[in-house]
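Peer 1: Here you go, sequence then predicted model.
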Amino acid sequence: MTQSPTPFALGRREFVAFIAAIMAVNALGVDLMLPALPAIGAELHAATANSRQWIVTAYVFGFGIGQLAYGPLADRYGRRPILLVTLVGFVGASIFAASSATFTALICARILQGLMSASTRVLAVAIVRDRYSGRQMAKTVSLAQMIFFLVPILAPSIGQVLLGIGPWRFIFYALAGFAAFVLAWSALRLPETLAIERRVAISLTSLRAAYRLTLTNRYSIGYATAASLTFGGIIAFVSSAQQIFVDEFGAGDRFTILFAICAFAMAVASFANSRLVERLGTRLISQAGVFVLILVSLIHLAVIAAGVETLWSYIALQALSMTCIGLCGSNFGAMAMEPVGHIAGTASSVQGFITSVGAVVVGSLIGQAYDGSTFPLAIGYLGIGLGALALVYLVEGGFWFERKAAPR
């Protein structure tokens, strides 16, 4: 008789690839339509060029809000059923987006897409936390993100190919197709990773206790907030990249390649982090990333002030900034989860809400400030670096690079 699969039946490689695929649903939801923003704005009569950014930020807003629900549901009913249901919902929302007749309808569809894809963030973290913790968790997340960050490199190019085949609506049908593929993979290969005895009934008392712990533990709330700042930097870049490359530098014919260079920097950072984190630790790597981000931002501002900003100076400095952000993101997330691993689903839900909604606020403030120059992005990144530096200092009790007090 064939033995039934254990909760961790997936091999390490397939497990990492599967987590990356779950995360890629969200990444494609953000990046695949970037080349189509002008066409979408023109056909659906977006008010201004900056209004097109809401196609990105509306999605991330829904993504943030939705995470509040999925953690408690995943802790009660398990990871697998929640993932399957929401992937079906994402397929439906993508078809809704493809059929939108007005800009308002598209924005509503994008919020719905975000609400459905929110489960991918909560469940990816919770599933990894079910199996690993601490530096092993950070290493696994980094390996998944290394694959995941290849998606932004390829997504705009794929979107450009789809635009060459047909109208921008094809892009949303492609999103539906990829989500259907991940749905089939999940249904066929993903075992339940949350043991029955670890499941928590949904009640106001248990939710209140889990929320209180997540929101009052200084490591949990502090590093989740720091992660929201760095994620906000990504949102700001993604939402304004098409305008910067096309409108400011006149490099529309090279947009997908130039965007890929910056995204590739984050993939390299994640790969380096996966190799170094067990030896150097999450704190040393992430805090070094924050310091270098501040330095790079100051250099970028000096270049702009001197009037010598060019396409290639922007590419170099933006890629360095994205590298720093790549070194911070997964480590901040892993450290935020350290003291709340026993309520991983709910904690991931609350932290994801803070990270995503905070990123929308930060990214929108920077993106909507776009004035035809790279100055708003550069000054925004400096603010992100200084804000993250202050948060880390407060969380770690005034110490750098090494935790001196246990999480509590």
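Peer 2: All right, it came through fine.
Peer 1: Now do the end-to-end distance for stretch 328-346.
Peer 2: Start-to-end span of stretch 328-346 (Cα to Cα, to the nearest Å) is 23 Å.
Peer 1: The most centrally placed residue in the chain: what secondary structure?
Peer 2: With distances taken as Cα atoms, centre = their mean, the residue of the chain nearest its centroid is residue 231 (6.4 Å). Three-state assignment for residue 231 (DSSP: H, G, I helix; E, B strand; the rest coil): helix.
Peer 1: Can you tell me the closest non-neighbouring residue to it?
Peer 2: With sequence-adjacent residues excluded and distances taken as Cβ to Cβ, 6 or more residues apart in numbering, residue 231 is closest to residue 359, at 3.8 Å. Glycine gets a C-beta too; all of them are placed from N, C-alpha and C.
Peer 1: next helix or strand past the helix or strand hosting that neighbour?
Peer 2: Here residue 359 sits within helix 344-367, counting by DSSP states H and E. Using DSSP H and E, the next helix or strand after helix 344-367 towards the C-terminus is helix 375-395.
Peer 1: now for that following helix, which elements pack on it?
Peer 2: Counting contacts by 3 or more Cβ pairs under 8 Å, 6 or more residues apart in numbering; DSSP states H and E, helix 375-395 is packed against helix 218-242, helix 282-305, helix 311-337, helix 344-367.
Peer 1: separation between residue 168 and residue 109?
Peer 2: With distances taken as Cβ to Cβ, to the nearest Å, residue 168 is found 13 Å from residue 109.
Peer 1: would you list the helices and strands packed on helix 375-395 in CSV and tack on mean pLDDT and distance to residue 92?
Peer 2: Below are the helices and strands packed on helix 375-395 laid out as CSV (pLDDT from 0 to 100; distance: least, Cβ to Cβ, whole Å):
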stretch, mean pLDDT, distance to residue 92
helix 218-242, 92, 24
helix 282-305, 95, 38
helix 311-337, 91, 29
helix 344-367, 86, 21
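Peer 1: any chance of these in a markdown table, with distance to residue 177 too?
Peer 2: Formatted as a markdown table, the helices and strands packed on helix 375-395 follow (distance: least, Cβ to Cβ, whole Å):
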| stretch | distance to residue 177 |
| --- | --- |
| helix 218-242 | 22 |
| helix 282-305 | 36 |
| helix 311-337 | 28 |
| helix 344-367 | 25 |
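Peer 1: wait, which of the ones you listed is closest to residue 103?
Peer 2: Closest to residue 103 of those is helix 218-242 (Cβ to Cβ; 15.7 Å).
Peer 1: Buried residues, the helix or strand that that closest one is followed by. List them.
Peer 2: Helices and strands here follow DSSP H and E; after helix 218-242, the next one along the chain is helix 255-280. Neighbour-count burial for helix 255-280, with 16 or more other Cβ atoms under 10 Å as criterion, is recorded at 255-256, 258-260, 262-274, 277.
Peer 1: Would you mind pulling up the elements that helix 255-280 packs against?
Peer 2: Helix 255-280 packs on helix 134-148, helix 150-165, helix 218-242, helix 282-305, helix 311-337, going by 3+ Cβ pairs under 8 Å, 6+ apart.
Peer 1: Dump these to CSV, plus distance to residue 197.
Peer 2: Listed next are those as CSV, based on distance: least, Cβ to Cβ, whole Å:
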stretch, distance to residue 197
helix 134-148, 21
helix 150-165, 36
helix 218-242, 24
helix 282-305, 30
helix 311-337, 21
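Peer 1: Next, count neighbours for residue 166.
Peer 2: Residues within reach of residue 166, counting by other Cβ atoms under 10 Å, total 10.
Peer 1: what's the answer for the one 3 residues further on, then?
Peer 2: Applying other Cβ under 10 Å, we find 18 other residues in the vicinity of residue 169.
Peer 1: where in this structure is pLDDT low?
Peer 2: Along the chain, segments meeting pLDDT under 70 span 1-9, 133-138, 142-143, 145-149, 344-345, 399-408.
Peer 1: Residue for residue, what is the longest helix it has?
Peer 2: Looking across the chain with DSSP state H, the single longest helix is helix 103-131.
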